[in-house]
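K.L.:
Pasted the sequence and its predicted model underneath.
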Amino acid sequence: MEIKNIVLLVIFVLGLVYMQLIQAQTVDEIINKYAEARGGKNKLNSITSVYMEGSRQMMGNKVAIKVTKVQGKLYRNDFEFGANKGYTIVTPSAGWSFIPMRSQKAEVIAEGRLKTMQADMDIADPLIEYKAKGYKAELAGKENIDGKDAYKIKLIVSAGKEITYFVDTENYLVIQTRQMRTGMGGNEEEREVITNYADYKPVDGIMFPHTVSNPGEGLVAGAITFDKIELNKPIEESE
């Protein structure tokens with residue numbers, strides 16, 4: 001190989017490495033600004049539990065919602081609609097869902113769906129200190145989300161599983177996430193689940209979205225409005 005070609009090859013490789021470093025710095029910069037916008041890494045990492053109460057507009061009806069999270073141990077969503085009560089429980093090893101409108105017994109959450117839902121046990125957010133958690137993040141440009149410019153970040157949390165975040169370019173808060181999930185039984189085809197976050201308000205110095213919505217149709221569609229959020233509330237192990 002001629003010297004000239006070798007030099008060009010080296011320049012090309014160094015250029016690729018440089019671009020990767022620039023991208024990594026840009027991703028980290030955006031994520032760090034997101035952490036600061038929420039209240040800072042230290043405050044976020046100090047949360048051991050979250051308890052939230054609210055209501056969800058689902059299929060034209062109002063459903064009472066209670067969400068309980070224990071860092072790294074539990075995600076639990078209880079709902080009450082008239083005389084019907086149901087729940088979704090996710091732990092590090094297994095998950096169950098009980099929806100009385102579709103079944104009279106709890107269903108085990110399929111492994112593929114469970115792996116995606118286990119990210120909900122991370123109270124601070126999977127983006128925060130993602131490298132220490134063994135995840136990978138990459139910047140995928142920008143996109144307009146409901147009239148707002150947003151940075152598009154792909155977070156790979158495990159083999160074949162990723163969450164796409166959209167971070168507002170002005171206030172650096174997450175306004176939407178997208179991820180592929182299977183149905184409860186695990187036999188259905190994967191479909192994209194879009195979640196929108198709005199109405200951020202401070203709770204003990206940390207910003208939380210008080211409106212979380214899923215566009216579309218069916219049981220997963222609707223908007224939750226939280227009117228009560230408590231941090232570091234003691235949670236019984238029986239939960």
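P.N.:
Happy to help now that I have it.
K.L.:
Report the spatially nearest residue to V108, omitting neighbours in sequence.
P.N.:
W96 (6.0 Å; Cβ to Cβ, 6 or more residues apart in numbering). Yep, even glycine has a C-beta here, placed from its N, CA and C like the rest.
K.L.:
buried residues in the longest strand belonging to the chain?
P.N.:
For the chain, the longest strand by residue count, based on DSSP state E, is strand 191-203. For strand 191-203, burial by neighbour count (16 or more other Cβ atoms under 10 Å) applies to V193, I194, T195, N196, Y197, Y200, V203.
K.L.:
got the contact list for the helix or strand where D149 lies?
P.N.:
Using DSSP states H and E, D149 sits within strand 148-158. For strand 148-158, contacts defined as Cβ atoms under 8 Å, 6 or more residues apart in numbering pick out 27, 30-31, 115-116, 119, 126-127, 130, 133, 135-144, 162-170, 175-176.
K.L.:
Same question for stretch 191-203.
P.N.:
Against stretch 191-203 from outside (Cβ under 8 Å, 6+ apart): 39, 146, 173-182, 207-216, 220, 225, 229-231.
K.L.:
before we move on, what about stretch 224-239?
P.N.:
46-56, 65, 67-68, 70, 74, 76, 199, 203-204, 206, 208, 210-213.
K.L.:
Apply the buried test to the residues you listed and list what passes.
P.N.:
46-52, 54-56, 65, 67-68, 70, 74, 76, 203, 206, 208, 210, 212-213.
K.L.:
in which helix or strand would I find E162?
P.N.:
strand 161-168.
K.L.:
Show me the shaky parts of this structure.
P.N.:
Judged by pLDDT under 70, the chain has its weakly predicted residues at 1-25, 58-60, 159, 183-188, 218-219, 239.
K.L.:
What segments of it are helices?
P.N.:
3-38, 41-45, 111-117 (DSSP state H).
K.L.:
sorry, back to before: from the contacts of strand 148-158, keep the buried residues only.
P.N.:
27, 30-31, 115-116, 119, 126-127, 130, 135, 137, 139, 162-168, 175-176.
K.L.:
out of the buried residues of strand 191-203, which one sits closest to E111?
P.N.:
For the buried residues of strand 191-203, the closest approach to E111 (Cβ to Cβ) belongs to V193, at 17.2 Å.
K.L.:
Please report how far that closest one lies from L139.
P.N.:
V193 is 22 Å from L139, where distance means Cβ to Cβ, to the nearest Å.
K.L.:
Repeat that for N32.
P.N.:
Counting by Cβ to Cβ - N32 and L139 are separated by 13 Å.
K.L.:
Equivalent analysis for N61, please.
P.N.:
40 Å.
K.L.:
Likewise for A94?
P.N.:
The value you get for A94 to L139, if Cβ to Cβ is used, is 34 Å.
K.L.:
Over to Q179?
P.N.:
Counting by Cβ to Cβ - Q179 and L139 are separated by 17 Å.
K.L.:
how deep is E217 tucked in, by neighbour count?
P.N.:
For E217, the neighbour count with other Cβ atoms under 10 Å is 8.
K.L.:
ok, I145 touching I175?
P.N.:
Yes: assessed by Cβ atoms under 8 Å, I145 is found in contact with I175 at 5.7 Å.
K.L.:
and for those two, which residues touch both?
P.N.:
F166.
K.L.:
so what strands line up beside the strand holding E162?
P.N.:
Strand pairing for strand 161-168, determined by DSSP bridges: strand 148-158 (antiparallel), strand 174-181 (antiparallel).
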